[in-house]
Structure formats: C-alpha cells, structure tokens
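What follows is a predicted protein model with its sequence.
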Amino acid sequence: MQKLPTKILFIVDELIDQYNDDDRYNRPWIIGFSGGKDSTVLLTLVWLALLKIREENPLSQLKRKVYVVCNDTMVENPIIEEYVSKVLRTIQNAAKEQQLPIIVKTTVPQIEDTFWSCVIGKGYPVPNNSFRFCTDKMKIKPTSIFITSQISEDGEAIILIGTRLAESQQRAKSIKKHDIKGHRLSKHPLNPNTYTYAPIKELMLEEVWYIIRDIPSPWGFDNQILYRIYANASADDYECPTLVMDETHRSCGQSRFGCWVCTVVKEDKSMTAQIKNGVEWMKPLLDFRNKLVENRNVSEYRNETRRNGQLAIDESGHKMGNYTMEYRIQMLKELIAIQKDIQKYRSSIDLITSQELIAIQVMWYRDGNFSTTVNDIYNKVYGYNLSNDNIELQERLLLEKSCKNPTHFALIQELLALQKNKALLMKKYGLQTDLESRLDSYVKEIGNEN
C-alpha cells in the first residue's frame, strides 16, 4: 500500500479497528454509494482498510460483509447514471478478483412509487418545498427496505455515511445531533438495531479531492472521469445523500447531481452547465423539467379535489388538487416524444420504463380513464405497440359475440382491465372498490341516457 498522509492513514486505521471489533453478528457494513466525490472517498478508504488487514495478517478472515448500496431513483441525471453504472460493475468485478467481502446492491422505488407513476399515473403535483413525496417514496423507502432485510438476516447493521462536517452547517448539525460522545457509532434515527458511522466527517474538501486525484482507485477505475464530471457541472459541492436518514438529509437544493426532473430547486445548475459544456442533447430534458415547474400551479391543469376526495380549491376558485387526466396524458405524450428524440444520440437511455408505462395504465383505469390508453400514445410516437393487451384476440371476439349490447362488452373489458392490471402493482388492495365504483358509474350513465 502506498504511503498515505497522516490524517488519511488515521482514518484507515480507525476503520480497521472498527472492522475488527468483536460483535455477535459480525454486523454488516452498508455504504451508501452515489458515485459522487464523498461516497467515492469513503469506499476508497474502506477498501484500503480491508487490503491493509489482509496485508498485515494474510491468515486473517474478512468476516464482516460490506454492502455498497446505490439508490437509483430511476430519474437520475443520465450522464451520472451511465457513470455510476460503469463504476458499480467495476467495483463488483474488482471485489470478486481481490476476494473481498464487498457486495454491490442497487435499490429502486416500488413501481407505484416511481416519479412518473406518481406524477403521470396518480396525478401528484411535481414536488416542491412543501410537498416532497419523492424523498420518502424514491429514497427513504427503497433503502429502508434493504436495510431492514439485512437487519432481519444479520440481526444488526452499521451504515457508513459519507457526510462531512465541513460540507454545510446543516449536515454538521445533523452529525453532531446523532453523535454519542466517546463512541464512533451512533443510533440510526429511523431504523432500530441500526447504527451509523461517519469515518470521513473530519475531512476538508481539499483532502477529499486529494484522495480522488492522487490515490489510485483500489477497484481500478479512472477517477479523472469523476473529476471531469464535477469540472463540467456547477460550482456547488454537494450531491444528494444516498441513504436518507432523517429530515436534515431531505434537501437536494444544493445538489450537484440529483434527479434530472428535480422541481424542488429553482434552477438545475448542473444540467445547465453540462449543456453549456457540450452535452446539447440534454437540452430537451432541461426544457421539460422547467415546464413541469411552470405548470405546477396552473389551475386548469389541476382538479378541484385531491386523490382522497378532499376538496382542494381556494376562495378565488383556484384549483389545487391532483393533475387532471388531460394534463397527465399531455405530459406522457411529451415525455415519450423526448425519449424517442434523445435515443437518437444515446440509444440506451430510457426516460420511462415499460413497467412504469403499464403501471400508469393501471392507475388511469382506476381513475376512470378508458378512452386514451398508454398504448395509444406509445404507438403514435414510436409507431408500434407497447405489449399490454388486456385479453387475447380470440377471447375478445368471443366476448364481443356473446354481448348483445356493445356497452356491455366495453364494460366487461374495463372490469377485466382493472382486475388484470391490479395484479401488476405491489399494493393489491382496493380491487373490489374499483370494480364497484366502475359499476356504479356505469349504472348512472345508463340512467342518464334513459
């Protein structure tokens, strides 16, 4: 191992001491890895600690597992997503070659909790400072589920966080709040039997960049790529925390690399800077993101009620409920069109997945929209169908022949769609209510016609 500066060597030795600490469960370490500078430095020092343990005692066994957990919100900045994907593959392969107990895991939101499922499917207004469903659904829940699964398997877990006191007053306050004097480990504020450990909290920004520039990546990746990504982005020095622990970690307001659709910030400085530095194909993404912000509080795009039926209209008549079906359809059309255009430059980029499209169709059925389908929109943009037919052709012909009244055939198709598509979501309750609601509305329609 190369000679390290005293302060960095002290952190490595402290990591070794903590790793070798005897405990009943060999509590696994969980590292939140975003691919940014701080999480890269944290993993680098942990990796060097493991190598030093083996170097000093070749017969020692590295019994404690180290999970490198990346939280993919499914709307990450495409440049960063591509970079992180390559890094994670390199980490996984290098850990296997070097026979280190490092395991790479990626968490994603449940299908009904993704950004597009919530905004286009359910009609949630895009997030702002007072309504931030994204943090809970896209960050806290996925990583908490993973942590809980590891706790149930191993009894306890230790989360290594890459936060630093020098980053911001808010993060320094958060670290000190959870610190137990005289102890490296602090109790996790949300998950029982879980502890947090902040090994690099004393590092200054200059020391972070020294490690990235001057210490070769122990998993063999070129850190200059990361350096260039930062150089091409804005002047902010923070990225969103990967493992969100509490309210103090919610803000991505000063984030360099966050979700490309982040509507909490007034301006996406990193994407703007990347476009100015030659990544011109990202311009439609920035324009679409800005449009989401501009249209957020437009009354004509909002319903008079929220999804729970609560009235959401102020004294002036301004509507503040969820998005109308018409606006949701408009957003999906624009998103798929942008995706198709961007794929001319980067064919691997999917702004929205097929699973999300199917989930959106389920939600539209639940909200009573059976006229414009996701398949119609997809087919119009791409020229071919998305495979989400509700019943096969022969079944459809037989059903149509059996129904004397065409409206009965349409009703049965809608009920079948509700039943079949409901099974695609994680939350399977509410099917009976959906069916009864559709039957009630059908009876009212027939009554009005008569």
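Arrived safely, thanks for sending. Values in this document were obtained by computation on a predicted structure and should not be read as measured data. Numbers count the residues shown, from 1 in each chain.

all helices for the stretch 301-450 of the chain, in order.
Taking DSSP state H, counting those that start in this stretch to define them, one finds helices in the stretch 301-450 of the chain at 325-342, 354-366, 374-382, 393-402, 406-422, 431-449.

Which of these has the lowest mean pLDDT?
Among the helices of the stretch 301-450 of the chain, helix 393-402 carries the lowest mean pLDDT, at a mean of 53.

so where's the stretch 51-200 of the chain uncertain?
Where the stretch 51-200 of the chain drops to pLDDT under 70, the residues are 166-183.

In it, mark out all the strands, start to finish.
66-71, 102-107, 157-160, 186-187, 194-197 (DSSP state E, counting those that start in this stretch).

Need these in a markdown table (columns: distance to residue 34 and mean neighbour count).
Backbone N, C-alpha and C define where each C-beta goes, glycine included. Formatted as a markdown table, these follow (distance: least, CB to CB, whole Å; neighbours: other CB atoms under 10 Å):
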| stretch | distance to residue 34 | mean neighbour count |
| --- | --- | --- |
| strand 66-71 | 7 | 23 |
| strand 102-107 | 12 | 18 |
| strand 157-160 | 13 | 25 |
| strand 186-187 | 21 | 16 |
| strand 194-197 | 16 | 21 |
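
closest one to residue 339 among the ones you listed?
strand 102-107 (21.4 Å; CB to CB).

ok, the closest one: who's next to it in the sheet?
Paired strands of strand 102-107, with direction, are strand 66-71 (parallel) (DSSP bridges).

so what are the domain limits for this structure?
6-224+240-248, 297-387, 389-450 (automatic domain parsing).

Now tabulate these in a markdown table and tack on distance to residue 264.
Shown next, in a markdown table, are the domains of the chain (distance: least, CB to CB, whole Å):
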| stretch | distance to residue 264 |
| --- | --- |
| domain 6-224+240-248 | 5 |
| domain 297-387 | 14 |
| domain 389-450 | 26 |
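
mind checking which of those domains is nearest residue 268?
domain 6-224+240-248 (8.7 Å).

what's the distance between the closest one and the middle of its chain?
15 Å (CA atoms, centre = their mean, to the nearest Å).

Same question for stretch 375-385.
26 Å.

Any buried residues in that stretch, and which?
Neighbour-count burial for stretch 375-385, counted by 16 or more other CB atoms under 10 Å, picks out 375, 377, 378, 381.

from what I can see residue 203 touches residue 162, true?
No: with contact defined as CB atoms under 8 Å, residue 203 and residue 162 do not form a contacting pair (9.5 Å).

So for those two, which residue has more residues nearby?
More crowded of residue 203 and residue 162, by other CB atoms under 10 Å: residue 162, with 28 against 23.

Was I right to think that one contacts residue 196?
No: using CB under 8 Å, residue 162 is not in contact with residue 196; the gap is 11.2 Å.

where does residue 291 land on pLDDT?
97.

Quick check: which element contains it?
Assigned by DSSP states H and E, residue 291 belongs to helix 283-295.

Nearest to residue 321 among the buried residues of stretch 375-385?
Using CB to CB, the buried residues of stretch 375-385 come closest to residue 321 at residue 377, 23.0 Å.

how near is that closest one to residue 356?
When CB to CB, to the nearest Å is the yardstick, residue 377 and residue 356 sit 13 Å from each other.

got it, and residue 150?
27 Å.

And residue 111, by the same measure?
Separation of residue 111 from residue 356 (CB to CB): 7 Å.

Quick check: neighbours shared by these two?
Common neighbours of residue 111 and residue 356 (criterion: CB atoms under 8 Å, 6 or more residues apart in numbering): residue 117.

if we can go back for a sec, helices and strands around the helix holding residue 291, which ones?
Here helix 283-295 touches helix 269-276, helix 325-342, going by 3 or more CB pairs under 8 Å, 6 or more residues apart in numbering; DSSP states H and E.

so who does the residue nearest to the spatial centre of the chain touch?
In the chain, the centroid-proximal residue (CA atoms, centre = their mean) is residue 73; its distance is 1.3 Å. Neighbouring residues of residue 73 by CB under 8 Å, 6+ apart: 108, 109, 115, 134, 138, 139, 259.
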